[in-house]
Every structure is written in C-alpha cells, then in structure tokens.
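Novice: Build me a model from this:
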Amino acid sequence: MHYKPNQTLSDLLYSSPSLGGFTSKLEQLQELNKLVASQLETSLQPHCRVANLRNGKLILTTTSPTWNHKLRFCSLDLLSSLRKDPRWAGLSSIEVKVDYLPVHSDDTTKTLEKPKPISQQAADSLAIAAQGIKDQRLAAAVLQLSRKK
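Specialist: You can find the predicted model right below:
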C-alpha cells in the first residue's frame, strides 16, 4: 500500500479544481475588500464589506439603512476610483444591500450602559401629560415612563 505524504491545507484546497476556483474567488474578494475599504471614508469602512463580484457588478453589504444610504451617495466615486486599477477596469456597476452585519471593532470589551434615570421635573411633566391622553394604553405607557427614576 502506498501512502501519500502529508499535504498542507492550502495544497489540498488548490489541488481540487472546484475548491481551487472557490479559494481563488475568495482571495479575489478579500483583495477587493481591502481596496474598497481604502477608498472609503474612515467612518464608513467598518460598516461596508464586499459580498460578491458577479458579471462586472460589485455587490457591497452594509450594516444598516443609514450606511447603505451614505454608501450609495459615494458609490459612483468609488466605482470610478476602482476602475483606475486595471484588474477592476471591467466593473460596470455597484449594488449596495443592507445585511445587518456586525460592525468590525477592535474593542470587544464594550458593555451596554445602564439607562440614565429621568429627572423629577421630567417625571412630573410625563405624569401631567399622561392625564391629558385619551387613549388609555398610551396614557398607561407614558405614566409608566414617568415612574422610571
């Protein structure tokens, strides 16, 4: 019986035609993601990722509709700057989708702050406002808010 020598994972991935194509595509998207990030404003970078490149269309995902809107405004400038690179000269358009991705952050120790209590004056104002509300469910909700001190 003949044994093959141990192969590294990368050798195995590239030895199979289907896996080799997959890893090549993944590397291409990672490279494009770095390039896109370098072209974006600093505030937008952690909220945008390259999702795919298909038929000359670059598909980007964002973490929220707000970032989606901002990215759409700068997508034409981004497309122009990407086309300057010969590897991406064939890009025809950019599509932006919201994917609610987790934001990339180096600080993973963030904790949620406890809600700050409302002042006595704000509580009194809410209680008075609740008395003038005709809808009982809404009045009860506002009254409940007034009690959170």
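
Novice: burial measure for Leu32, as a count.
Specialist: The tally of other residues near Leu32 (other C-beta atoms under 10 Å) stands at 20. Every C-beta, even on glycine, is put in place using the N, C-alpha and C of the backbone.

Novice: I'd guess it is in a strand, am I close?
Specialist: No: counting by DSSP: H, G, I helix; E, B strand; the rest coil, Leu32 is not found in a strand; it is helix.

Novice: Secondary structure element holding the nearest residue to it once chain neighbours are set aside?
Specialist: Excluding its sequence neighbours, the residue lying closest to Leu32 (C-beta to C-beta, 6 or more residues apart in numbering) is Val50, at 5.1 Å. Under the criterion of DSSP states H and E, Val50 resides in strand 48-54.

Novice: Enumerate every residue touching Leu44.
Specialist: Contact analysis of Leu44 by C-beta atoms under 8 Å, 6 or more residues apart in numbering lists Trp67, Lys70, Leu71, Cys74.

Novice: can you tell me how far it sits from Asp99?
Specialist: Using C-beta to C-beta, to the nearest Å, Leu44 is found at 15 Å from Asp99.

Novice: rewinding a little: who wins for most neighbours among the contacts of Leu44?
Specialist: In terms of neighbours by other C-beta under 10 Å, these top out with Leu71 at 23 neighbours.
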